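J.: predicted structure and sequence below. I'll ask about it afterward.
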Protein chains: 2
Amino acid sequence: MDVASPPTGHGFDAGGPTLQEVGEAELLRRLTAIARRHGDDRRLVVGSGDDAAVWRPPGGAGIVLSQDAIVEGEDFRRSWIDPEAVGRRALAGAVSDLAAMGARPALCLVTLCAPGASRVDDLLAIQEGICAAASEAGCRVAGGDVSAIAGPLVIDVVVVGTVDPGRALRRDRGRPGDLLVVTGCLGGAAAGLRLLLDGRRRSVPAPAGAGAGATAEERWLARQLRPRARLGEGQALLRLGVACAGDLSDGLIVDVGRITDASGCGAEIWLESVPADPDIRTLLGDGWVAAALGGGEDFELVAAVAAERWDGLLARWPAGLEPLQVVGRLTPGTGLRLLDHRDGEEVPLPRVASRHFRQP
Amino acid sequence: MDVASPPTGHGFDAGGPTLQEVGEAELLRRLTAIARRHGDDRRLVVGSGDDAAVWRPPGGAGIVLSQDAIVEGEDFRRSWIDPEAVGRRALAGAVSDLAAMGARPALCLVTLCAPGASRVDDLLAIQEGICAAASEAGCRVAGGDVSAIAGPLVIDVVVVGTVDPGRALRRDRGRPGDLLVVTGCLGGAAAGLRLLLDGRRRSVPAPAGAGAGATAEERWLARQLRPRARLGEGQALLRLGVACAGDLSDGLIVDVGRITDASGCGAEIWLESVPADPDIRTLLGDGWVAAALGGGEDFELVAAVAAERWDGLLARWPAGLEPLQVVGRLTPGTGLRLLDHRDGEEVPLPRVASRHFRQP
């Protein structure tokens, strides 16, 4: 797997006319045509192509909205990933916020800012990735905007979903004594980023590369470059009576901090309980703690679950979803403490940065 | 009026800590605090600060969504405008799309991408401008995203509004024979841009500068730098039975072209009838035609009105709104023709670009 022959897609700069040659209006027309090809939705009364989209939500539904931008140089580099995968990644990051609310995706809008010298085929491939990932998440691309930029590529995705009236997973619903529960396994995305930053791996693995026969490195790259939002997990948490959750876009320490800030309490995390990706100690040595607790972009969920509900939740957790694991609990007071294990000794928190490119 | 002492706000780069020093997470907290200060909305069940916003729309309403980005160097330059006015301008451009649908604004989300060396106070001033303009338009800032960027400032605004079920001004509802009607007066924003590009004026006029005693130059600068969306006009068009309209974000020629493309017809525009800003011939000479027909950013509306409804529409047009003016009609066939006046001779269409910085 190297830059000359990426395993999927065609890489960036595959030739053909540039944005400057084709113009923004024509690009917008072609992006719209791709969005229309990806299925129809009778609730979308007016889709791409008008001044705005018009959507008829299910009666009484709560509308859930989130916006998430990825910026070249901050969130990805062109040498790491092909355009279709960039589009998928932008969509997954935005949809993860809907997962964290327990919402059902309905539609999305996308702004694409690209330099005039961008190849139009690359931009269309980004849109293909966005639309394919949106379809898989159950939502339609209903519009957006296009602009030239004398700078890096920016993909800003807005996702709109629905929840039943009065229901949503919220950050401010945690209570001292609640167990902190995460889905899946942490640190893989940070390990993948480390491989990319070290220049040891330079492209995106094929989707199959994340499957059962994948090596650890392929699995980590897939976590970093082809993340999946935990939509089913979020909806199951909400359905099974959980009130408080968030996604792990910035890592366990930062995202648990958001829950404790919003809920007005403190928290402790039990290091021994954190479900770290099994092989990251080999790659990262002692750095595995920072990766598992501070690495962003895993896009797993963290929930606060009343202790008396935990056994019932676990018993009713649907097969086929990422497993749940208790990693700590909310406490009275403020602040976050790391213990080596439940009821164990306090150990120092690893240093983490707010965005993954600026990790210590 | 000069760069050293801009008449409003403080200009960019007023000192203080940078984004890099403060961090994205802290910036997002401060932006959220500003949004919360700008009033409350009981329909916003979960506002800024969670993974996503949750909104309870009025029962049965159609939801109208649009996204509009402005990019430094493409849509504005820092030397032209202070940060608060940039925020207002970003919001106005997005809300104009709701105006063009006849929608009532409800909420918005904003992504702000800024270089690490940006002054935090500048970014907060942008948010103040966005929130103030949003309040005036009747909507709340309900969330968004923040990212560093090694490049120009990007402000991407998503606006969400409502319409009564089954109702909206659409581009695809024009019919041959319909009269083309515009609100207000055209070409002022293009004239303002010309002053700025020529270096004859270098800053934003005070809001009062657009009032009754304003000079022509102050009026044009205000059109370019402090545009206002025609929300009342769009809602009145819809209420009074008009079915087809769009906004003039890219100029009459481009935006009428969007209506004829969507409606499957042609159009003619009568030059003599175009309500050009009265003094632009003095500034622009023969260039006034390109400014009035091809200049974007006027953010007026263009509607297609069945000929037999025109007199009634005019008679019932509310006082206090921008006046309506017939400027042409939709025709069978395809393509856009410019006539010197109604039933007159065909004259050449001026050359126009899709975005205003790339005007011929």
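T.: That came in fine, so what should we check first?
J.: from here on, just use CA atoms for contacts and neighbour counts.
T.: Fine.
J.: which bits of the stretch 101-250 of chain A sit near chain B?
T.: Neighbours of chain B within the stretch 101-250 of chain A, by C-alpha under 8 Å from any C-alpha of the partner chain: A:101, A:109-111, A:143-152, A:156, A:158, A:165, A:170-171, A:246-247.
J.: and the closest residue to chain B within the stretch 201-350 of chain A, what's its pLDDT?
T.: Closest to chain B within the stretch 201-350 of chain A is residue A:246: 6.4 Å, counting by C-alpha to the nearest C-alpha. For residue A:246, the pLDDT comes out at 96.
J.: my guess is it is in a strand, correct?
T.: Yes - assessed with DSSP: H, G, I helix; E, B strand; the rest coil, residue A:246 lies in a strand.
J.: gap between the residue nearest the centre of chain A and residue A:142?
T.: Nearest to the geometric centre of chain A sits residue A:93, at 3.1 Å (C-alpha atoms, centre = their mean). To residue A:142, residue A:93 is 18 Å away according to C-alpha to C-alpha, to the nearest Å.
J.: how about residue A:309?
T.: 39 Å.
J.: between the two, which one's more packed in?
T.: A direct count of neighbours by other C-alpha atoms under 10 Å in any protein chain shown for residue A:309 and residue A:142 places residue A:142 higher, at 27 against 14.
J.: and the more buried one, what does it touch?
T.: With contact taken as C-alpha atoms under 8 Å, 6 or more residues apart in numbering or on different chains, residue A:142 is in contact with A:35, A:44, A:47, A:48, A:53, A:107, A:108, A:109.
J.: give me phi/psi at it?
T.: phi -110, psi 10 (degrees, to the nearest 10).
J.: surely the residue nearest to the centre of chain A touches residue A:299?
T.: Yes - between residue A:93 and residue A:299 there is a contact under C-alpha atoms under 8 Å: 7.4 Å.
J.: what does stretch A:32-40 contact?
T.: A:48, A:49, A:124, A:127, A:128, A:131, A:132, A:135, A:140, A:141, A:142, A:143.
J.: by neighbour count, which of those wins?
T.: residue A:141 (30 neighbours).
J.: doesn't residue A:106 make contact with it?
T.: No - counting by C-alpha under 8 Å, residue A:141 stays clear of residue A:106, with 9.1 Å between them.
J.: before we move on, back to that, cross the contacts of residue A:142 against strands and list the overlap.
T.: Among those, the ones falling in strands (DSSP state E) are A:44, A:53, A:107, A:108, A:109.
J.: contacts only, for the first one.
T.: Read that as residue A:44. So residue A:44 contacts A:53, A:54, A:55, A:56, A:142 (C-alpha under 8 Å, 6+ apart).
J.: swap in 7 Å and give it another go.
T.: Applying C-alpha atoms under 7 Å, 6 or more residues apart in numbering or on different chains to residue A:44 gives the contacts A:54, A:55, A:56.
J.: in chain A, where is pLDDT below threshold?
T.: When residues are selected by pLDDT under 70, those of chain A lie in A:1-10, A:201-213, A:353-360.
J.: what segments of it are helices?
T.: With DSSP state H as the criterion, chain A has helices at A:19-22, A:24-37, A:83-99, A:120-137, A:188-197, A:216-225, A:231-239, A:252-263, A:280-284, A:288-294, A:310-316.
J.: what's the most buried one of those?
T.: Among those, the stretch with the highest mean neighbour count (mean count of other C-alpha atoms under 10 Å in any protein chain shown) is helix A:83-99, at a mean of 28.
J.: now do it against helix A:231-239, angle only.
T.: 0 degrees (axes from the mean of the first three to the mean of the last three C-alpha atoms, to 10 degrees).
J.: from the contact counts, what lies against helix A:83-99?
T.: Judged by 3 or more C-alpha pairs under 7 Å, 6 or more residues apart in numbering or on different chains; DSSP states H and E, helix A:83-99 is in contact with strand A:62-71, helix A:120-137, strand A:154-163.
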